[in-house]
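# Just a sequence and a predicted model for now, questions to come.
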Amino acid sequence: MMEENEQDLKEMEDALNEKVKEASDALERLEELTAMLQEARDSEEKCLQQRTESDAETFRLQRELDRLRAQQNAVSNGSTGNEVLLTQLNKTNDERELLERTLVDLQKRMASVNDDFAKQKSAWHQKDKETEEVIKELRKCLRIAMGNLSQCQTTISTSGGVLSGLEAEVRRLYEMQ
């Protein structure tokens, strides 16, 4: 009977050790996923900062372009024909073209930043789902481990009762001799 109890205890201890290892592995995966989530958050923050900077630069360039167009219209509508006005008009046209090219470049850069942001957001959501799965798995392992621990405790209590009974019987037999 004691051998059976010892065998049962050993099996339960092995099962418990296995569950503890599974829980430990799941915790390691959770830590890795948490680190990846932090990286994604940092990357998302960087993308948002770049987007804000691009928006501000685009707004500034758009205002400058509007100012130059207004200047060009004022010069074009003037009837003075003055060479100074013609020089200003040429300079304004050159500045306008440069600003338009810069604006196009910024719009491309902003589109790239938006794409990066969308990718990071998608990756973050995927990692969030993975983390939720790991947490569910950890909870499952914990429930199983707690069940096994409870079962081991019951077996130990039962074994203790049997051993106490055996001890009492041995003492009784020893005293009879």
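Nice, I can see it. Numbers count the residues shown, from 1 in each chain.
# Can you check which helix is longest in this structure?
helix 83-176 (DSSP state H).
# For that helix, which helices and strands make contact with it?
Applying 3 or more C-beta pairs under 8 Å, 6 or more residues apart in numbering; DSSP states H and E, one finds that helix 83-176 contacts helix 2-77. Quick note: C-beta positions are derived from backbone N, CA and C, even for glycine.
# between the helix it packs on and helix 83-176, how many degrees?
170 degrees (axes from the mean of the first three to the mean of the last three C-alpha atoms, to 10 degrees).
# what packs against helix 2-77?
helix 83-176.
# Give me the neighbour count for residue 39.
14 (other C-beta atoms under 10 Å).
# now it: how far from residue 66?
41 Å (C-beta to C-beta, to the nearest Å).
# Give me the residue at the spatial middle of this structure.
Nearest to the mean C-alpha position of the chain, by C-alpha atoms, centre = their mean, lies residue 37 at 1.8 Å.
# is it true that that residue touches residue 131?
Yes - judged on C-beta atoms under 8 Å, residue 37 makes contact with residue 131 at a distance of 6.5 Å.
# Just the pLDDT at the residue nearest to the centre of the chain, thanks.
Residue 37 is assigned 84 on the pLDDT scale.
# Just give the nearest non-adjacent residue to it, would you?
With sequence-adjacent residues excluded and distances taken as C-beta to C-beta, 6 or more residues apart in numbering, residue 37 is closest to residue 127, at 5.3 Å.
# Tell me, how many residues neighbour the one you found?
Neighbours around residue 127, by other C-beta under 10 Å: 20.
# got it, and the one 4 residues further on?
By other C-beta under 10 Å, 17 other residues sit near residue 131.
# In this structure it contacts residue 31, no?
No - judged on C-beta under 8 Å, residue 131 makes no contact with residue 31 at a distance of 10.3 Å.
# Show the contacting residues for residue 102.
Contacts for residue 102 (C-beta atoms under 8 Å, 6 or more residues apart in numbering) come out as residue 61.
# Next one: it relative to residue 157, how far apart?
When residue 102 is compared with residue 157 (using C-beta to C-beta), they lie 80 Å apart.
# Ok, residue 142 next?
Distance, residue 142 to residue 157, using C-beta to C-beta: 22 Å.
# more crowded one of the two?
residue 142 (14 against 10).
# Name the nearest residue to that one, sequence neighbours excluded.
The nearest residue in space to residue 142 (C-beta to C-beta, 6+ apart) is residue 23, at 6.3 Å.
# Surely the one you found touches residue 140?
No - contact between residue 23 and residue 140 fails when scored by C-beta under 8 Å: they sit 9.6 Å apart.
# More neighbours: those two, which one.
residue 23 (18 against 14).
# Read off the pLDDT value for the more buried one.
80.
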